[in-house]
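Participant: Here is a sequence together with a model predicted from it:
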Amino acid sequence: MNNLEVRNTNKKRIVNFLYANTKATKQDIAKSLNLSTPTVSLILKKLFAQGLVKKSGVLQSSGGRKPTAISLVYNAKLSAGIEITQNHLRFVIIDLSGHVLHYKKIREPFQNDNKYFGKVADSLELFFEENSIDPASILGVGIALPGVVDVKNGMLEYSPTLGVKNLPLEVLTSYFPYATMANNEANLAGFAEIWTIDSIDNAIFLSVNKGVGGAIIIGNKLYNGCNGRAGEFGHMTIVKDGLTCSCGKKGCFEAYCSTKVLTEPNFNDIDDFFGAISTGDKYCIEKWKTYLGYLSTGINNIHTIFDSDIIIGGEISQYIQQSSEFLNRNLSYANSFDRQYDYIRFSKYGDKASTVGAALLFVDSFLNE
Ligand SMILES: [Zn+2]
C-alpha cells in the first residue's frame with residue numbers, strides 16, 4: 001500500500017450516491033451514475049451480502065410493479081484514525097462515506113517509550129467508549145505520522161518533529177486489537193482531500209502546519225518519488241542563504257512559512273495569533289502580510305512546475321481563506337503567464353485531514369474489496 005491510490009470505483013460511487021439519496025431504486029442509481037442496470041444489480045448484490053445496504057419499502061410508481069427502495073446502512077462499518085504529533089493526539093471515527101462521526105484532540109506529548117504507546121491505545125479505547133462505538137464495527141485503525149514512513153516494512157524511518165529514527169511501528173501497533181496501517185501525515189491529508197472529490201486526476205496538496213509538506217497526486221495516484229520524499233515542498237529554497245530551517249539548510253520555504261514563524265515567541269498557538277489580528281494588532285498584521293508574501297512565492301513556484309490545482313490544508317487553511325484576497329493579489333503578481341489564481345482550493349477537513357486520511361485507508365480498501 002505504498003501507493004495511495006484514489007480509486008473511484010463504482011462500488012464507492014454507489015455508496016456515496018446512497019449517502020446523498022437516503023432512498024433510491026436500482027433504476028435511480030443506474031440513471032444518475034450512468035451505469036447499466038446489470039452492473040448496479042451486481043454491485044448491490046455484493047453490498048447486500050456485506051450488510052451495507054437494506055431494502056426500505058417500496059416507492060410510488062406510475063404503474064406496474066412498485067420499485068423497491070434501497071438504503072445505505074451507513075454505519076454498518078466504521079473506521080478509526082489517529083494522528084500523532086509532537087504534543088497532541090487526534091482521534092477520528094468515520095463512516096463508509098468518509099463522513100466524520102466523532103473527533104477528539106488531546107494534549108499528550110510524544111515520548112519514545114511503552115508508557116506513551118500504551119496510553120495512545122488506551123485513549124483510543126476511551127474514545128470508542130465515550131461514543132458508544134462497538135469495536136466489532138471497526139474495520140481498522142489508520143495512523144498518521146509526522147515523518148518519512150516505510151509503509152512496506154512498518155517503520156517510521158525519520159521524524160525530526162518526534163526526534164526518532166528507524167522506529168518499528170510494532171512498538172505502537174502491538175497495543176491495538178485491530179488491524180492497523182500507517183502513512184505520512186501530509187500524504188494522508190492529501191489522500192483525504194482528494195478521496196471525496198468524484199473526479200480529479202491531478203492535484204497538489206500543500207500542508208502548512210509547524211512543518212510544511214505536501215503530496216503530489218498524478219492520475220489519481222500519489223506520486224512518491226524515487227525515495228518516498230516527493231512533495232517535500234517545505235525544503236525548496238525560496239531565499240538564497242536565507243533563514244535557517246529545521247532541516248539545517250538555509251532559505252527553505254518552511255523557514256518562512258511554518259506556523260511557528262507567526263506564533264513564536266509570543267503566542268501559544270495559531271488561534272492566539274489570529275485572535276490578536278482580530279483585535280487589530282498592527283505588529284501581527286504586518287507579520288501576516290510578510291508571511292503571505294513568502295507563501296505566495298512558494299505556491300507560485302509549485303504551480304509553475306505542476307500547472308494543476310493546489311489544495312491548501314493544515315492549520316493555516318482556514319485563516320488563509322479569510323485573507324484570500326491579499327494572497328490572490330500576490331499570486332497574480334507572481335504569475336509569469338497570466339493573472340490567474342483560480343487554481344487555489346481550500347481543504348475540506350482542515351486540521352483533521354491527516355486523521356481522516358488515516359481512517360480512510362481502511363474504508364478505501366473495504367470499498368475496493
Ligand atoms: Zn529545510
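Facilitator: Arrived safely.
Participant: Contact partners for residue 68?
Facilitator: 25-26, 55, 57-59 (Cβ atoms under 8 Å, 6 or more residues apart in numbering). Any C-beta I mention is one placed from the backbone N, CA and C, and that applies to glycine too.
Participant: For PyMOL, write a command that selects the buried ones of the residues you listed.
Facilitator: Restricted to buried positions by 16 or more other Cβ atoms under 10 Å, the PyMOL selection for the contacts of residue 68 reads:
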select buried, resi 25
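Participant: Including secondary structure and pLDDT, could the contacts of residue 68 go into a markdown table?
Facilitator: Shown next, in a markdown table, are the contacts of residue 68 (DSSP: H, G, I helix; E, B strand; the rest coil; pLDDT from 0 to 100):
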| residue | secondary structure | pLDDT |
| --- | --- | --- |
| 25 | coil | 90 |
| 26 | helix | 90 |
| 55 | strand | 90 |
| 57 | strand | 79 |
| 58 | strand | 75 |
| 59 | coil | 72 |
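Participant: Please identify which two of the contacts of residue 68 are farthest apart in space.
Facilitator: The largest distance within the contacts of residue 68, taken as Cβ to Cβ, falls between 26 and 57 and amounts to 14.2 Å.
Participant: ok, back up a step: can I get the contacts of residue 68 in TSV including distance to residue 125?
Facilitator: Shown next, in TSV, are these (distance: Cβ to Cβ, whole Å):
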residue	distance to residue 125
25	41
26	40
55	35
57	38
58	42
59	42
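Participant: Which ones among the contacts of residue 68 also lie next to the ion?
Facilitator: Among the contacts of residue 68, not one lies near the ion by Cβ under 5 Å from the ion.
Participant: mind listing the helices for the stretch 151-300 of the chain?
Facilitator: 170-173, 185-195, 253-257, 260-263, 270-278, 282-306 (DSSP state H, counting those that start in this stretch).
Participant: Can you pull the phi and psi angles for residue 113?
Facilitator: Main-chain torsions, residue 113, degrees, to the nearest 10: phi -150, psi 170.
Participant: Can you check the pLDDT for it?
Facilitator: With respect to pLDDT, residue 113 scores 96.
Participant: State the number of residues packed around it.
Facilitator: Per other Cβ atoms under 10 Å, the neighbour tally for residue 113 reads 10.
Participant: Please point out which parts of the helix or strand bottoming out on mean pLDDT in the chain sit buried.
Facilitator: Of all helical and strand segments in the chain, the minimum by mean pLDDT, DSSP states H and E falls on helix 324-334, at a mean of 73. With burial defined by 16+ other Cβ under 10 Å, the residues of helix 324-334 counted as buried are 324, 327-328, 330-331, 334.
Participant: Please apply the same query to stretch 226-238.
Facilitator: For stretch 226-238, using 16+ other Cβ under 10 Å, the buried residues are 228, 230-235, 238.
Participant: could you say what helices and strands the host helix or strand of residue 102 packs with?
Facilitator: Using DSSP states H and E, residue 102 maps to strand 100-107. Counting contacts by 3 or more Cβ pairs under 8 Å, 6 or more residues apart in numbering; DSSP states H and E, strand 100-107 packs against strand 88-94, helix 114-130.
Participant: Next, the angle from that strand to strand 88-94.
Facilitator: 170 degrees (axes from the mean of the first three to the mean of the last three Cα atoms, to 10 degrees).
Participant: pull the CA atoms of strand 100-107 into CSV?
Facilitator: Output of strand 100-107 as CSV, limited to C-alpha atoms (Å, rounded to 0.1, in the frame of the first residue of the first chain):
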residue,chain,number,x,y,z
VAL,A,100,-16.6,12.4,10.3
LEU,A,101,-18.9,11.0,13.1
HIS,A,102,-16.6,11.8,16.1
TYR,A,103,-13.5,13.7,16.6
LYS,A,104,-11.3,14.5,19.6
LYS,A,105,-7.9,16.2,20.1
ILE,A,106,-6.0,15.7,23.4
ARG,A,107,-2.7,17.0,24.6
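Participant: I am assuming residue 72 contacts residue 19, so please confirm or correct that.
Facilitator: Yes: applying Cβ atoms under 8 Å, one finds residue 72 in contact with residue 19, separated by 5.8 Å.
Participant: Residue 315 is in contact with residue 208, correct?
Facilitator: Yes: shown here, residue 208 and residue 315 form a contact pair, counting by Cβ under 8 Å, at 7.3 Å.
Participant: Tell me which of these two has more neighbours.
Facilitator: When neighbours are counted by other Cβ under 10 Å, residue 208 and residue 315 differ, and residue 208 comes out ahead with 28 against 17.
Participant: check contacts around the more buried one.
Facilitator: Residues in contact with residue 208 (Cβ under 8 Å, 6+ apart) are 257-259, 295, 312-317, 320.
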